[in-house]
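1. based on what follows, work out the 3D shape:
(2 chains)
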Amino acid sequence: MDLHFGDSKPTDEERAAVDGLLGPPESPWEGASDRPDADLRWALGGRTARDRRDLLLPGLHAVNDRIGWISEGALAYLCRRLTVPPAEAYGVATFYSLFAVRPRPATVVQVCTDLACAARGSAELCSSLEARLGAPGTPVAGGAVWEKSPCLGLCERAPAALVVRAGPPAAPSWLGAQFPAPLSGHVNSAPPAFEERGSGGGAPSYGKGRGGEEAPSRATAVLAPATVDAITRAAAEPESAEPEPPAAMAVPQAGQKGLILLKRIGRIDPHSLDDYRATGGYEALRRAFHLGPAEVIREVTDAGLLGRGGAAFPTGRKWQATASQPDHPHYLVCNADESEPGTFKDRVLMEGDPYALIEAMTIAGYATGAHLGYLYLRGEYPRALERLTHALAQARARGLLGGNVLGQGYAFDIEIRRGAGAYICGEETALFNSIEGYRGEPRSKPPFPVEKGLFGKPTTANNVETLVNVLPILTMGAQAYAAIGTPASTGPKLFCVSGKVERPGIYELPFGATLGDLLELAGKPDQLRAVLLGGAAGGFVRGDELDIPLTFEGTRAAGTTLGSGVVLALDDTVPLPRLLLRIAEFFRDESCGQCVPCRVGTVRQEEALHRIAERTGAAAADDIALLRDVGRAMKDASICGLGQTAWNAVESAIDRLGTYA
Amino acid sequence: MTAIPLQPPRRLVEFTLDGEPVRVPEGATVLDACRAAGKDIPTLCEGDTLTPKNACRVCVVEVEGARTLAPACSRRAEPGMAVRTDTERARHSRRLVLELLASSVDLSTTPRVQEWLKEYEAKPGRFGPDAARLNESPKVDNDLYVRDYDKCILCYKCVDACGEQWQNTFAIAVAGRGFDARIAVEHDAPLTDSACVYCGNCIEVCPTGALSFKSEFDMRAAGTWDEEAQTETTTVCAYCGVGCNLTLHVQDNEIVKVTSPHDNPVTHGNLCIKGRFGYQHVQNRD
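-> Here you go, the predicted structure:
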């Protein structure tokens, strides 16, 4: 590779942002400024130079976090440091919606306009914002810009907004010392580039109040429910925002007896490892070490655990398939890129019980023979990032991660990778590409991840909720766990209830409860018109189909899907065509663009839905036939699940609810 | 004479193709089997010198037992699999892919596509006059070749040829996302500011004419491009000792474009700037 980096130079601040992640450059080949003669006698190249490609995404985050956008000079410097072709890095930077490659104000306000927020007044919020601050995308006085965003995963407190102000890192309140270096060769030893404070909280920040010479430090604020006043205030000063309510507020059942997955939410301090251990934490890992990897896999298989991310693949089989691969190393990936509109269960788990996920990942790594786990976290979850980062540091300090976990001679560590605003990265192979520093485009399968996954090695990829279910399997035993729920769908399940219910939030119910049972708990609206199951990729059912059992087999038999557990209740106040249009917009925005059926099909779907937004009956018939044609091709011929499901919700609304009839 | 490289013998895989038993060497794709059996499957993003990205999905076939259709170009033949190439389901997806492409991209210089549109009874006009199109204008930023991205179907072949599959120059990549994704140099800069070495290997693999010689582009604009009137003469490049084969496309006694035979064991269709574009001295008559 003879790379060409152009003439653009980074500013001192951009250089500092990159060096903060990668350390100072060791030679002019990497971008150091002075070039001694000796340096002309060797060249940095080959595998060692290219081996750090996976730090491209963290590097882009570092620049974007600090400056607010990624300039030509910053990109060129980052490329030089990592030996990445600038054209490819530009392709990666422009893939993610949270990055900008054109100048923009330091403060960006994302206002969610997705399904749950639309059902709770996001349209009105946006029009008032437009009246107050101007059209989305136009900078307002004071250096901020607001834009409409896909689901922010705050559906229980809709409508939601997220404010991010770029700036130099603020020291997290809890962070005393530098993190110990994790194990992997891919990993940097410098402190990571995330510097979230408790969102909107009062943690001290560097840079501010020192005579106003330095830029204010990076800050985030989560506003939910968001109002025009709160957004305007937080856009000017994110620190002034009201502190976010504790994660337990998203769990109406918090504190109730009999909960398994949510038992600690609201009852322990999510920062405290002692609290976690005092409530049964790390019992499951001890049992795992006692059983040995093969027996752990057998327990998980016998328990009948099915993946909770939406595809319902048997977890034990996946683990077994990875564990038996002769190629090494094996990797574990936790898919915490929860972006399905209406889904927020993983956020609540990570914010309310972060150590549980770390323990579960350690067990999964042990069972599948992995020594490094990647936790790919949604870019829009600042509080989960703060909690998990803290929990990882604590676990390392206490010997629960590192070279010798619990003194058992097993080495395991976890690295967090932040997503940057791309729904498609929730698809496992797109997620691998994203971690590896490529565009988050899905790969074709076969080969499957268990054979060739992350970095081309055998990889287990599991959803957060799936992993957390492993803990009760090991503490209760497979038999007792399998006794919960139905024979085909075992265990407890988390449901993300949002929309027009009295008590939106995460509910834990054993598999087998009906839709009616769940909505009863959450406070069903009087005029229940329809329920969206499984999110934008799921399907609608009618308001009178409350006896559908919420199991994988039950929803399948009813011709719908459980997906990731989204239950979005709708009454008559939100016109369905508008929601369908929002779903179509979502898929058009989030299509990666790789395959034709999805890239163009999602555009044609949106166009047709626009045409018939106000039409019914014969006036809509032609476009509905067109939608069916396009939808069928997307379902049959798209590369990945995004395109294959992009028409599901619209189809179910037409066929089941009789929209446009 | 072209040397035929010998390969170690491979085991044969047996499966059924449209009900007929077929045997192909292990590692062969369903498309290889189709071609060997004389079946004409449309392809766009597949290329004989590249590993296909299987992005266009125009070659989809039905594999018995599979939930979705499979791209024939990259699905490897497996023993015992049953493949149907001409089912209503496969033809539906092919028709839609052709309609979606033809309604958004300028396919006027894509070989064979008019024939396929007819064969699959595709009606690209059904998406209405307001259907979104790429709406790109040709990028003419150097004297050698033109990038007309209004004709780009995003097959990734030029990116693969420029990058790790052949040239290792990495001057271009896909930027943006979804319908707004485009092939681009970093920061959408002109080629002259990029790492491009003007080998033209991207032109060689482009299936739609989005990338073309400046000479071809100008002649098409002037209405003088006439492929019927062109002759093709394969010769050996005289610039260095590698011995690349050049195919000179000549119209009215002028070289109008240079390609290289894809089955040539030296080039596999690839050339360097001298072989590809350094022909002016031949027709310098002063």
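2. buried stuff in stretch A:346-360?
-> Within stretch A:346-360, the residues that qualify as buried by neighbour count (16 or more other CB atoms under 10 Å in any protein chain shown) are A:346-360. C-betas here are computed from N, CA, C, even on glycine.
3. just give me the closest of those residues to residue A:442.
-> Comparing those against residue A:442 with CB to CB picks out residue A:346 as the nearest, at 20.2 Å.
4. find the nearest non-adjacent residue to residue 95, please.
-> Picking chain A for this. Spatial nearest neighbour of residue A:95, chain neighbours left out: residue A:439 (4.6 Å); criterion: CB to CB, 6 or more residues apart in numbering or on different chains.
5. wait, chain B
-> Spatial nearest neighbour of residue B:95, excluding adjacent residues (CB to CB, 6+ apart): residue B:120 at 4.1 Å.
6. per-residue confidence for the residue of the stretch 151-300 of chain A found nearest chain B?
-> Minimum separation of the stretch 151-300 of chain A from chain B (CB to the nearest CB) falls at residue A:151, amounting to 17.0 Å. On pLDDT, residue A:151 comes in at 94.
7. if we can go back for a sec, most widely separated two among the buried residues of stretch A:346-360?
-> The largest separation in these, counting by CB to CB, is between A:347 and A:359 at 18.4 Å.
8. these two touch, right, the residue nearest to residue B:95 and residue B:94?
-> Yes - when contacts are counted by CB atoms under 8 Å, residue B:120 is listed as touching residue B:94 (5.6 Å).
9. between these two, who's got more neighbours?
-> Taking neighbours as other CB atoms under 10 Å in any protein chain shown, residue B:120 and residue B:94 compare with residue B:94 leading, 26 against 19.
10. in the helix or strand hosting that one, what's buried?
-> Per DSSP states H and E: residue B:94 is located in helix B:88-102. Neighbour-count burial for helix B:88-102, counted by 16+ other CB under 10 Å, picks out B:89-102.
11. you'd agree residue A:230 is up against residue A:240?
-> No - taking CB under 8 Å as the definition, residue A:230 is not a contact partner of residue A:240, at 9.5 Å.
12. and the average pLDDT for the host helix or strand of residue A:297 is what?
-> Secondary structure from DSSP H and E places residue A:297 in helix A:293-303. Averaged over helix A:293-303, pLDDT sits at 98.
13. and the angle from the next helix or strand after that helix to helix A:293-303?
-> Going down the chain from helix A:293-303, the next helix or strand is helix A:315-323, by DSSP H and E. Note on geometry: by axes from the mean of the first three to the mean of the last three CA atoms, to 10 degrees, helix A:315-323 and helix A:293-303 are set 150 degrees apart in direction.
14. excluding chain neighbours, what is closest to residue B:163?
-> Nearest non-adjacent residue to residue B:163, counting by CB to CB, 6+ apart: residue B:170, 4.9 Å away.
15. ok, now which ones touch the one you found?
-> For residue B:170, the contact set (CB atoms under 8 Å, 6 or more residues apart in numbering or on different chains) comprises A:1, A:3, A:85, A:87, A:88, B:162, B:163, B:164, B:195.
16. repeat that with 7 Å
-> For residue B:170, the contact set (CB atoms under 7 Å, 6 or more residues apart in numbering or on different chains) comprises A:1, A:85, A:87, A:88, B:162, B:163, B:195.
17. strand partners (parallel or antiparallel) of the host helix or strand of residue A:415?
-> With secondary structure defined by DSSP H and E, residue A:415 is part of strand A:410-418. Counting by DSSP bridges, the strands paired with strand A:410-418 are strand A:370-377 (parallel), strand A:402-405 (antiparallel).
18. please work out which of the ones you listed is packed deepest.
-> Mean neighbours per residue, mean count of other CB atoms under 10 Å in any protein chain shown, is largest over the strands paired with strand A:410-418 for strand A:370-377, with a mean of 24.
19. and for it, what's in contact with it?
-> Identification of contacts with strand A:370-377 by CB under 7 Å, 6+ apart yields A:183-184, A:329-337, A:361, A:365, A:384-385, A:388, A:411-419, A:431, A:435, A:454.
20. which residue, other than its chain neighbours, is closest to the spatially most central residue of chain B?
-> Residue closest to the mean C-alpha point of chain B, counted by CA atoms, centre = their mean, is residue B:207 at 3.2 Å. Distances taken as CB to CB, 6+ apart put residue B:44 closest to residue B:207, at 5.2 Å, once the chain neighbours are dropped.
21. how about residue A:264?
-> residue A:353 (4.6 Å).
22. what about the one you found, distance to chain B?
-> Residue A:353 sits 34 Å away from chain B when distances are taken as CB to the nearest CB, to the nearest Å.
23. list the contacts for that residue?
-> By CB under 7 Å, 6+ apart, residue A:353 lies in contact with A:264, A:265, A:270.
24. coming back round to it: tell me how far the residue nearest to the centre of chain B lies from residue A:234.
-> Using CB to CB, to the nearest Å, residue B:207 is found at 50 Å from residue A:234.
25. cool, residue A:121 as well?
-> Going from residue A:121 to residue A:234 by CB to CB gives 18 Å.
26. of those two, which one has the most company?
-> Between residue A:121 and residue A:234, counted using other CB under 10 Å, residue A:234 has the larger neighbour count: 27 against 16.
27. what's downstream of the one helix or strand that one maps to, the next helix or strand?
-> Secondary structure assigned from DSSP H and E places residue A:234 in helix A:228-236. Next helix or strand after helix A:228-236 toward the C-terminus (DSSP H and E): helix A:273-278.
28. wait, doesn't residue A:154 sit right on residue A:160?
-> Yes - the pair residue A:154 / residue A:160 is scored as a contact, 3.7 Å apart, by CB atoms under 7 Å.
29. what residues of stretch B:278-286 count as buried?
-> B:278, B:279.
30. identify the residues contacting it?
-> B:239, B:254, B:255, B:258.
31. ok, back up a step: what would the strands paired with strand A:410-418 look like in a markdown table with mean pLDDT?
-> Below are the strands paired with strand A:410-418 laid out as a markdown table (pLDDT from 0 to 100):
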| stretch | mean pLDDT |
| --- | --- |
| strand A:370-377 | 98 |
| strand A:402-405 | 96 |
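32. export the ones you listed to JSON lines and tack on distance to residue A:138?
-> Shown next, in JSON lines, are the strands paired with strand A:410-418 (distance: least, CB to CB, whole Å):
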{"stretch": "strand A:370-377", "distance to residue A:138": "31"}
{"stretch": "strand A:402-405", "distance to residue A:138": "49"}
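33. relative to the whole chain's centre, how far out is stretch A:62-76?
-> Its chain's average C-alpha position is 22 Å from that of stretch A:62-76, according to CA atoms, centre = their mean, to the nearest Å.
34. which residues does that stretch contact?
-> Counting by CB under 7 Å, 6+ apart, residues outside stretch A:62-76 touching it are A:5-6, A:8-11, A:13-14, A:17-18, A:20-21, A:60, A:78, A:86, A:89-90, A:93, A:98-106, A:166-168, A:193, A:218, B:186-187.
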